[in-house]
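J.: fold the following.
(one chain, ligands or ions: 3)
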Amino acid sequence: MRVGCPKEIKNHEYRVGLTPESAHELVSQGNEVWIESGAGLGIDATDQQYMAAGAKIVDGPDPIFAECEMVVKVKEPQADERKKLREGQILYTYLHLAPDPEQTRDLVDSGVTAIAYETVTGPRGQLPLLKPMSQVAGRMSVQAGAAALEKAHGGRGVLLGGVPGVMPGKVVVIGGGVVGFNAAQMAVGLGANVTILDRDPEVLEKVGTHFEARASTRFSNAANLLDAVSGADLVIGAVLIPGAAAPKLVTRTMLKRMQKGAVLVDVAIDQGGCFETSKPTTHDQPTYVVDDVVHYCVANMPGAVARTSTYALNNVTLPHALSIARLGWKEALKADPHLAEGLNVHAGQVSYRAVAEELGYEYRTAADILG
Ligand SMILES: NC(=O)C1=CN([C@@H]2O[C@H](COP(=O)(O)OP(=O)(O)OC[C@H]3O[C@@H](n4cnc5c(N)ncnc54)[C@H](O)[C@@H]3O)[C@@H](O)[C@H]2O)C=CC1
Ligand SMILES: CC(=O)C(=O)O
Ligand SMILES: [Mg+2]
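T.: Ligands and ions are numbered 1, 2, ... in the order given. Sure, this is the predicted structure:
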C-alpha cells in the first residue's frame, strides 16, 4: 500500500504521524511511504532520516492527499486538509467528531474511510490508542495549572505544594481514568491536597487503593462537585464517555461559587469540554478568564511535548497501520473487532453510534459495512 504522512498544521502541533522508525517498518513490509518534506522537524527527524528509512520525500501535502491510499496523521484534519480528502482513501488519525459538526460533515461529504485513534478499543474495553496521549496530557495538566495559578498569569497566587507552615493548594480532579490518574500522580508528587471524583465505583476503588491517604476520592454527583470545586485552587476536567460529547459537569452557576483566581484545566476539551464555560484554546493563547476563573482549554496538549508524545503515539498506532497496509482496511477491521471500533465514517455514512446520535446522522454499524 502507498501510505502518506503530511506535516501537521494545527496551531503549535509538533508531533508527526510516522517516525522514521515507523516508516522503516512499513517499508520493510513492502509498502511505499511518502512523507511531506519537513513533517518530522518538530521532533528533529530530518528528511534524510526518512529517506534512509526508505521513504520518499514529497513537497507539500498535496501529493500525499492526491495519491496515497492511506493518510496517517496525529490531529483531526483541518479545513484545508479536509478539502483534499478523496473517496475511498483511508484516514487514520485522532478525529474527536462528536463535538465537531463541520469536520463530520466534511468527512461524510468526502467519501473517505476514517478510522479514529480515540475509539479503537483494547481487550478489556480500554482505549489503547488514546492512552499514551492521556498519560501525557494528564501529567501536563498539573504543570499547566500550576503555571496559570501564578499571579502574573491571572491565577490566585498559590504554590500547589505549599511550604512548611503554609497549607498546600487544593487540586480537584474530575474523572479518575487515564488523564485523571496521571494528573493525580503529579499533584500528589508536588505535595498538593488532592481529591479525585468519578462515578464508577471500580475507578474510585482503584484510585483509592493506589493513593491511599495521599489523595481523597469522592463519588461524582452535582452536590459533591459543587462542594469540591468551590474550595479548589485547581480543577482538572478529565471525564470521558467514549466517542461522545463530554457532559457539562461544572455549570456557570457552580463557576460563580469558585474562588477568584482559581484555575480550570479542561483536558476533556477535545470532546467538547466538561465545564459549561469551556471553549477550545491554542498553545499560542492557552487561557482566558470567565467570572474571575482562569480557563486552560488546549485541545492538543501533547503537541507541546512532541518528542515524548510522537514516540508514545507511534508505539500504539503503528501495529494497526501495518495490518491495514498488509490486509487492506476491510480485512484488517474484520480480523480485529477492536480496530473495527475505530471506524467512524465510511463512504458518506457515520459508523460510530455516539457520533451519529450526537450530530443527527443515520447510524450504520461497522459490522454492516464490513458485511
Ligand atoms: N486536551 C488534550 O490535549 C487531550 C485530551 N484528552 C481527553 O481527555 C479525556 C479523558 O481521557 P481518558 O482519561 O483517557 O479517559 P478514561 O476513559 O480513561 O477516563 C475517563 C473517566 O471519566 C469518568 N467519568 C465519566 N463520566 C463522569 C462523571 N459524570 N463524573 C466523573 N467522572 C466521570 C469515567 O468513569 C472514567 O473513569 C478525553 O476526552 C480525551 O480525549 C486526552 C489526551 C489529550
Ligand atoms: C488525544 C488528542 O486529542 C491529542 O493527543 O491531541
Ligand atoms: Mg486533543
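
J.: apart from its neighbours in sequence, what residue is nearest the residue of the chain found nearest ligand 2?
T.: The minimum distance from the chain to ligand 2, using C-beta to the nearest ligand atom, falls at Met133 (3.4 Å). Every residue, glycine included, has its C-beta placed from N, CA and C. With C-beta to C-beta, 6 or more residues apart in numbering as the measure, Pro302 is the residue that lies nearest to Met133, at 4.7 Å, once sequence neighbours are left out.

J.: which elements pack onto the strand or helix carrying the residue of the chain closest to ligand 2?
T.: Per DSSP states H and E: Met133 is located in helix 131-148. Other helices and strands packing on helix 131-148, by 3 or more C-beta pairs under 8 Å, 6 or more residues apart in numbering; DSSP states H and E, are helix 178-190, strand 234-237, strand 263-266, strand 293-296, helix 306-327.

J.: do stretch 270-284 and ligand 1 meet?
T.: Yes: part of stretch 270-284 sits near ligand 1 under the criterion C-beta under 6 Å from any ligand atom, namely 270-271.

J.: state the mean pLDDT of that stretch.
T.: For stretch 270-284, mean pLDDT rounds to 96.

J.: outside of that stretch itself, list whatever touches it.
T.: 11-12, 94, 96, 98-99, 174-175, 235, 237, 239-241, 244-252, 255, 264, 266, 268-269, 287-288, 290-291, 293, 295-300, 303-304 (C-beta atoms under 8 Å, 6 or more residues apart in numbering).

J.: thinking again about what came up before, which pLDDT does the model give the residue of the chain closest to ligand 2?
T.: Model confidence at Met133, given as pLDDT, is 97.

J.: so whatever residue of the chain ends up closest to ligand 3: helix, strand or coil?
T.: Nearest residue of the chain to ligand 3 (C-beta to the ion) works out as Asp270 at 3.2 Å. Secondary structure, DSSP: H, G, I helix; E, B strand; the rest coil: Asp270 is helix.

J.: and Ala152, by the same measure?
T.: Classification of Ala152 using three-state DSSP returns helix.

J.: OK, contacts around it?
T.: By C-beta under 8 Å, 6+ apart, the contact list for Ala152 is empty.

J.: picking up where we left off before, the residue nearest to Met133 and Thr287: what is the separation?
T.: Distance, Pro302 to Thr287, using C-beta to C-beta, to the nearest Å: 18 Å.

J.: those two: which has the busier surroundings?
T.: Pro302 (24 against 19; other C-beta atoms under 10 Å).

J.: check which helix or strand covers Val355.
T.: Using DSSP H and E, Val355 sits within helix 353-359.

J.: in the protein, what residue is nearest ligand 1?
T.: For the chain, C-beta to the nearest ligand atom, closest residue to ligand 1: Gly177, 1.7 Å.

J.: so that residue touches Val203, yeah?
T.: Yes: the criterion here is C-beta atoms under 8 Å, and Gly177 meets it with Val203 at 6.7 Å.

J.: which parts of this structure sit against ligand 3?
T.: 270, 299-300 (C-beta under 5 Å from the ion).

J.: so which of the residues you listed reach ligand 2?
T.: 270, 300.

J.: quick one: which of the residues of the chain next to ligand 3 is nearest to Val72?
T.: Distance to Val72 across those (C-beta to C-beta) is lowest for Asn300, with 16.6 Å.

J.: and that closest one, what's its pLDDT?
T.: Looking at Asn300, its pLDDT reads 95.

J.: for Asp59, give me its contacts.
T.: Residues in contact with Asp59 (C-beta under 8 Å, 6+ apart) are 36-37.
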